[in-house]
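**Student:** coordinates only, sequence not included:
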């Protein structure tokens, strides 16, 4: 019985490979091209107006795209600003409160071969965005 | 949708990289065709026979700034090695030296595993045996299509990461799905489904009352709540498979599937993920409350987002359950 289920797990892992390759490959290109830095710079004045510090913006953009990338970003910011700084608390809260949306979508829909994901991406990104803002304001409220 | 995002990311990256590369070529930012002015000092005086000898490289600041049209501060000297071969003399900067821009970029462009140091050909230097210092220029290999090269590299790296990521999931997937199978046979999953139905069924309207999908959804959410990311993924996949069984369409997501996804990406979490604990250590205790609060808001947003978006005409029209009921029932 157990073996039957475990075999299923193997099939699932193999099924999701093409989906993961597609999405990670595109995200890797996006980061390497410098387009991500460009996006961060373009959004900076907009978010500054609603009280979001510029330092946490890269996290808001990286978080839905890559889990290991955003973990690296948290570690990097701890080195740069120290564990006790407000911005580190904000990015750590962001890391803890949202998921790697594109990874989850690629894995979950890849496993059942869904190609038309309908409103999954906008709904997931909306949740991420609210999580992002909530992290900033909650940390400001508790520690600011 | 994912297809559009995927191709959008790729096209945008390519266009962006191409724009940056052509701009760099047009302004000749790396001075591909000229030699950087340098003064090379020999602590042990110049020896024409030695294949490698230590040197100190000085980049005259004002000439350097004018040459690259940049405003950077320079160290007084940089450690290096002079390598003499039949083809000529090469100035090699020490791998540890912290180089000014744009030399650092030129270094990272040419660097390889066998040869990480920045090196260039020494030109215009009249060297005689026993000399203590010499003035000349260093000509580096040209830098062209920097961004295009790096996205090609990144694409290959990430394709590899994707495959190893999926393979590393095999173990947990096998274990968890095996356990769930036993739970199913033993009737545990059905019992759980009965318990959580009142809570979850408003969010998953297309799951019939006697179906185990809700139980797997709740197992997945529980694993998320306790920060068991590794266990949550297989359980979520299991729940997704159950929802797919109920899906009249082969390849179009149902509202229920999107709801499951929204709940997962906003990740209801009471225990912080283990990766974050590894990075932050005990500091994480302070953040317990802020994470719980932020995750509460993002989960609400996920639920509301999934519900509201599913009511929009564009997404409503493609819902598999609606499409199916609108079609006339098949003959026989």
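**Tutor:** Received, thanks. Since the structure is predicted, the reported quantities are computational estimates derived from the model, not experimental observations.

**Student:** top helix in chain A by residue count?
**Tutor:** Longest helix of chain A, by residue count under DSSP state H: helix A:2-32.

**Student:** what mean pLDDT does the helix or strand just after that one get?
**Tutor:** Moving toward the C-terminus from helix A:2-32, the next helix or strand (DSSP states H and E) is helix A:35-49. For helix A:35-49, mean pLDDT rounds to 83.

**Student:** near chain B at all, the helix or strand just after helix A:35-49?
**Tutor:** Per DSSP H and E, the first helix or strand lying C-terminal to helix A:35-49 is helix A:57-62. No: applying Cβ under 8 Å from any Cβ of the partner chain, one finds helix A:57-62 separated from chain B by no less than 12.1 Å. In this view, the C-beta of every residue, glycine as well, is placed from N, C-alpha and C.

**Student:** packing partners for the helix or strand following helix A:57-62?
**Tutor:** Heading C-terminal from helix A:57-62, the first helix or strand you meet, by DSSP H and E, is helix A:67-81. Packing contacts for helix A:67-81, counted by 3 or more Cβ pairs under 8 Å, 6 or more residues apart in numbering or on different chains; DSSP states H and E, involve helix A:57-62, helix A:86-97, helix B:274-280.

**Student:** how far does the longest helix of chain A sit from the chain's center?
**Tutor:** Put simply, helix A:2-32 sits 17 Å off its chain's centre (Cα atoms, centre = their mean, to the nearest Å).

**Student:** quick one: it to helix A:67-81, angle?
**Tutor:** 50 degrees (axes from the mean of the first three to the mean of the last three Cα atoms, to 10 degrees).

**Student:** residue B:301 and chain A: what is the separation?
**Tutor:** For residue B:301, the distance to chain A equals 3 Å [Cβ to the nearest Cβ, to the nearest Å].

**Student:** looking at the helices and strands packed on helix A:67-81, which is buried most?
**Tutor:** Highest mean neighbour count among the helices and strands packed on helix A:67-81 (mean count of other Cβ atoms under 10 Å in any protein chain shown): helix A:86-97, with a mean of 26.

**Student:** how far is that helix from where the chain is centred?
**Tutor:** The answer for helix A:86-97 is 12 Å, by Cα atoms, centre = their mean.

**Student:** tell me the SS of the residue nearest to the spatial centre of chain B?
**Tutor:** Closest to where the C-alpha atoms of chain B average out (Cα atoms, centre = their mean) is residue B:158, at 7.7 Å. Following DSSP: H, G, I helix; E, B strand; the rest coil, the label given to residue B:158 is helix.

**Student:** re earlier: pipe the helices and strands packed on helix A:67-81 into TSV and attach mean pLDDT and distance to residue B:318 per row.
**Tutor:** Below are the helices and strands packed on helix A:67-81 laid out as TSV (pLDDT from 0 to 100; distance: least, Cβ to Cβ, whole Å):
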stretch	mean pLDDT	distance to residue B:318
helix A:57-62	85	28
helix A:86-97	90	30
helix B:274-280	73	36
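
**Student:** those: which one's closest to residue B:110?
**Tutor:** helix A:57-62 (27.4 Å; Cβ to Cβ).

**Student:** counting contacts, what elements does the closest one pack onto?
**Tutor:** helix A:35-49, helix A:67-81, helix A:86-97, helix A:120-143.

**Student:** could you redo the last one with a cut-off of 6 Å?
**Tutor:** helix A:35-49, helix A:67-81 (3 or more Cβ pairs under 6 Å, 6 or more residues apart in numbering or on different chains; DSSP states H and E).

**Student:** for the last one, the averaged confidence score.
**Tutor:** Spelled out, that is helix A:67-81. 81.

**Student:** OK, contacts around the residue nearest to the centre of chain B?
**Tutor:** Taking Cβ atoms under 6 Å, 6 or more residues apart in numbering or on different chains, we find residue B:158 in contact with A:24, A:25, A:28.
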